[in-house]
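Chemist: let's see this in three dimensions:
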Amino acid sequence: MKSDLFADEHLAEAATFPGMSLQNAKSVKYVVNGEMHARQGSMIAFRGDLAFERKGQGIGGMLKRAVTGEGLALMAVRGQGEAWFAHEAQNCFIVEIEQGDALTVNGRNVLCFDPTLSYEIKTVKGAGMTGGGLFNSVFSGYGNIALVCEGPPIVIPVTPQAPVFVDTDAVVGWSERLNPSLHRSQSLGSMMRGGSGEAVQLKLEGEGFVIVRPSERTAPKASAN
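Modeler: Sure thing, here's the model as predicted:
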């Protein structure tokens, strides 16, 4: 059988080392040798002796169910084998976190990560002003994390002289040393007249970077009757 479908770029190669790698721009391959963590429902294929569980032993006790602004739930993948992960054909990126580093990520952008990484859920200061994208997971320790993004991401440097303001629905994540807070850019009078649709942003100050996606969150599609 012959087809461009069978080109080398589309074929899954045999595993050569444990851990994650990009299968292509839209999916991540993880060679499991023990345990790893991923968002529930993101596994698209696997081979080998693997078990997928909602809860299990993780760092510091039971595997945490990370509830964020997007309601992300995680699963443990255990055993020996290979698994492929993706989410809605979004672009995939692997970030290596070194000891002493930390990365804050919006839960909707987490795909999978090494069990050597720990995480905790934090809220942005002033989160009572609005409800979108303000519960984020802070990953620290050492290891790799795979992120997904709708379209090519934009990485914006932040300096003490130039804070960055981003839409709360567009933010993917930021370096942990930044100081996040909410900023209201619209006057009360403008809001009473209907507003501009850009009333509140996430303000990031300090030294580091922020990652944003080239779109705002869209409303869920209505199911057909």
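Chemist: how near is S215 to L74?
Modeler: Distance of S215 to L74, given as C-beta to C-beta, to the nearest Å: 25 Å. C-beta: built from backbone N, CA, C; applies to glycine.
Chemist: just for the chain, where's the confidence low?
Modeler: 6, 9, 15, 55-72, 125-134, 185-199, 216-225 (pLDDT under 70).
Chemist: in it, which spans are helices?
Modeler: In order along the chain, the chain carries the following helices (DSSP state H): 188-192.
Chemist: hang on, the earlier thing: of S215 and L74, which one has the most company?
Modeler: A count of neighbours by other C-beta atoms under 10 Å puts L74 above the other of S215 and L74, at 23 against 12.
Chemist: what are the buried residues along stretch 34-53?
Modeler: Judged by neighbour count (16 or more other C-beta atoms under 10 Å), stretch 34-53 contains these buried residues: 35-39, 42-43, 46, 50, 52.
Chemist: end to end on it, go ahead and measure it.
Modeler: Stretch 34-53 has its terminal residues 13 Å apart, counting by C-alpha to C-alpha, to the nearest Å.
Chemist: list the contacts of that stretch.
Modeler: Residues from elsewhere that reach stretch 34-53 (C-beta atoms under 8 Å, 6 or more residues apart in numbering): 20, 27, 30, 32, 54, 56, 58, 63, 72-87, 110-115.
Chemist: buried subset of these as a ChimeraX selection?
Modeler: With 16+ other C-beta under 10 Å as the criterion, this ChimeraX line picks the buried residues out of the contacts of stretch 34-53:
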select :20,27,30,32,58,63,72,73,74,75,76,77,78,81,82,83,84,85,86,87,110,111,112,113,114,115
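Chemist: so what's V138 bridging to?
Modeler: T104, E120 (DSSP bridges).
Chemist: need the contact list for the closest residue in space to N136 that isn't next to it in sequence.
Modeler: Nearest-residue entry for N136: T104, 5.0 Å, with adjacent residues in sequence omitted and distances by C-beta to C-beta, 6 or more residues apart in numbering. Applying C-beta under 8 Å, 6+ apart to T104 gives the contacts 122, 136-139, 173-176, 180.
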